[in-house]
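**Q** here are the coordinates; sequence isn't available:
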C-alpha cells in the first residue's frame, strides 16, 4: 500500500520532533521537540478501519499533555532560579525527580503505565510498534541526563519489571501482552542507562528488531487475540515457528538472540554490585517467558485441532523473505555474535 503524502509528512515531523529533543541543549528545546512529536503522532493514530483509535488518541493526548505541562513547569523552575534547583537537590521531591517522573509518564513506565495498555489496545499494529519503539527514544535520552544510581532509580526499575511481568497474566489480547512486555523491557533499558548510554543503545536496538519481527507477523495474519493463533494456517509452518522463536527471543531465552542484550546488562549490573536488583529483574523475566510460552502452547503440542474451512491468506514474497530473514537472525544471531567476538 502506497503511503499517503499526509501520513508521510506526519511521520517526517514525528522523527524531526524526536531529533530536536535529543539534540537540544536546553529543557525548553527538548519540550518543544516532544510537543512536535506528540502533535505528529495524534493524527497517525486515527484510522477509519479501527473504531477504537479515537479513544486511544484521546487517552494518549491527555496523558502526554499532562506530562508536558509538568515538564515545562520543572524546566521553568530550573531556569528561573538555579538556587532553587540546588535547594531541592537534597530533598526527596527534587526538581530532577519531577522531570524524571514526567519523562517516565511519557514513555509509559511503571508506576505511570496506566494509559499504555489501553492505548495499545486501540491502535493498529504499525502504530503500536511506533509507540513501543520510536516514541521511547526522546524520553530515554532526556532521562539519561538526570538518571543516576539511587534508591528512587532502582525503585522505578523494579516497579517496571514487576508491572510488566505480572500485568501480562490472564491477558488474551496480544496488543496488551506486547504492551506489558514493553513495560518490562523499559525496566531493563533504565538499568542499562545506569551503566551507560552504549548499554541502553545496544539493548534498544535489539528490542526494536525483535518487536518489529513479531509485529510484522501479527500484522501479516491480522491477529489480535491468543485464540486466533490457535487456528493459524499450518500450510506454511515456518511462519508459526518464526513467531514463537521470536517471542522466546524477545523474552530472553538463552539460545536466541534476545538473550545477548540481557546478558550484557546482567554482566554490567553484576560488575557494578547491583546484585539484588538484577536478581529480581531476571526473576520477573522468567514470568514474562511464561505468557510468551502460553501464546505458543498450541503450536508446541503434537495434536491440535485445525478448522477445515480456514483460508490461507496471501503473503507477498517480500514479506516471506522478511519473515525468514528475521527468524534466521533471531535464532542464529547469538551464535554469529559469539563467533564474531571470538574472531575479533
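**A** Thanks, I have the structure now. From a predicted model like this one, the values you see are computed outputs, not experimental measurements.

**Q** tell me the contacts of residue 174?
**A** 218, 223-226, 229, 295 (Cβ atoms under 8 Å, 6 or more residues apart in numbering). Heads up, the C-betas are built off the backbone N, CA and C, glycines and all.

**Q** Buried ones among those?
**A** 218, 223-224, 226, 229, 295 (16 or more other Cβ atoms under 10 Å).

**Q** What segments of the stretch 101-250 of the chain are helices?
**A** 116-121, 125-132, 137-143, 151-166, 174-195, 197-221, 226-229, 237-251 (DSSP state H, counting those that start in this stretch).

**Q** lowest-pLDDT helix or strand in this protein?
**A** Across the helices and strands of the chain, mean confidence by mean pLDDT, DSSP states H and E is lowest for helix 82-88: a mean of 51.

**Q** Looking at the contacts of residue 174, which is nearest residue 152?
**A** residue 295 (34.3 Å; Cβ to Cβ).

**Q** Confirm for me that the closest one is in contact with residue 229.
**A** Yes. Taking Cβ atoms under 8 Å as the definition, residue 295 is a contact partner of residue 229 at 6.1 Å.

**Q** got the buried ones among the contacts of residue 174 as CSV, with pLDDT and distance to residue 210 columns?
**A** Putting the buried ones among the contacts of residue 174 into CSV (pLDDT from 0 to 100; distance: Cβ to Cβ, whole Å) gives the following:
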residue, pLDDT, distance to residue 210
218, 89, 13
223, 86, 17
224, 88, 20
226, 85, 19
229, 78, 18
295, 81, 14
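
**Q** thinking again about what came up before, return the member of the contacts of residue 174 nearest to residue 160.
**A** After measuring the contacts of residue 174 against residue 160 - Cβ to Cβ - the closest member comes out as residue 295, at 21.4 Å.

**Q** and stretch 264-284, which residues are buried?
**A** Those would be 264-266, 268-269, 274, 277-278, 280-281, 284, for stretch 264-284 by 16+ other Cβ under 10 Å.

**Q** Inside helices: which ones of these?
**A** 264-266, 268-269, 277-278, 280-281, 284 (DSSP state H).

**Q** what pLDDT does residue 300 get?
**A** Predicted confidence (pLDDT) for residue 300: 64.

**Q** Give me the residues contacting the host helix or strand of residue 41.
**A** Following DSSP states H and E, one finds residue 41 within helix 27-45. Helix 27-45 is touched from outside by 6-7, 10-11, 13-14, 16-22, 24, 53, 56-57, 60-61, 64-65, 68, 71-72, 74-75, 78-79, 99, 106, 122-123, 127, 130-131, 135, 138-139, 142, with contacts defined as Cβ under 8 Å, 6+ apart.

**Q** Show me the shaky parts of the stretch 151-300 of the chain.
**A** When residues are selected by pLDDT under 70, those of the stretch 151-300 of the chain lie in 231-236, 298-300.

**Q** check contacts around residue 202.
**A** Here residue 202 is in contact with 192, 261, 264 (Cβ under 8 Å, 6+ apart).

**Q** Just put the helices of the stretch 101-250 of the chain in TSV and tack on distance to residue 28.
**A** Converted to TSV, those look like this (distance: least, Cβ to Cβ, whole Å):
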stretch	distance to residue 28
helix 116-121	27
helix 125-132	25
helix 137-143	12
helix 151-166	25
helix 174-195	23
helix 197-221	22
helix 226-229	45
helix 237-251	37
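
**Q** Out of those, which is closest to residue 319?
**A** The nearest among the helices of the stretch 101-250 of the chain, by Cβ to Cβ, is helix 197-221 at 5.7 Å.

**Q** list the buried ones in that closest one?
**A** Result for helix 197-221 [16+ other Cβ under 10 Å]: buried residues 199-204, 206-218, 220-221.

**Q** And stretch 247-255, by the same measure?
**A** 247-253.

**Q** Please identify which pair of the buried ones among the contacts of residue 174 lies farthest apart.
**A** Largest pairwise distance in those, by Cβ to Cβ, is 12.4 Å, between 224 and 295.

**Q** of the ones in helices among the buried residues of stretch 264-284, closest to residue 240?
**A** When those are compared against residue 240 (criterion: Cβ to Cβ), the nearest one is residue 284, at 27.4 Å.

**Q** Hmm, the closest one is touching residue 165, no?
**A** Yes. Using Cβ under 8 Å, residue 284 is in contact with residue 165, at 4.0 Å.

**Q** Pull up the overlap in contacts between these two.
**A** Residues touching both residue 284 and residue 165 by Cβ under 8 Å, 6+ apart: residue 184.
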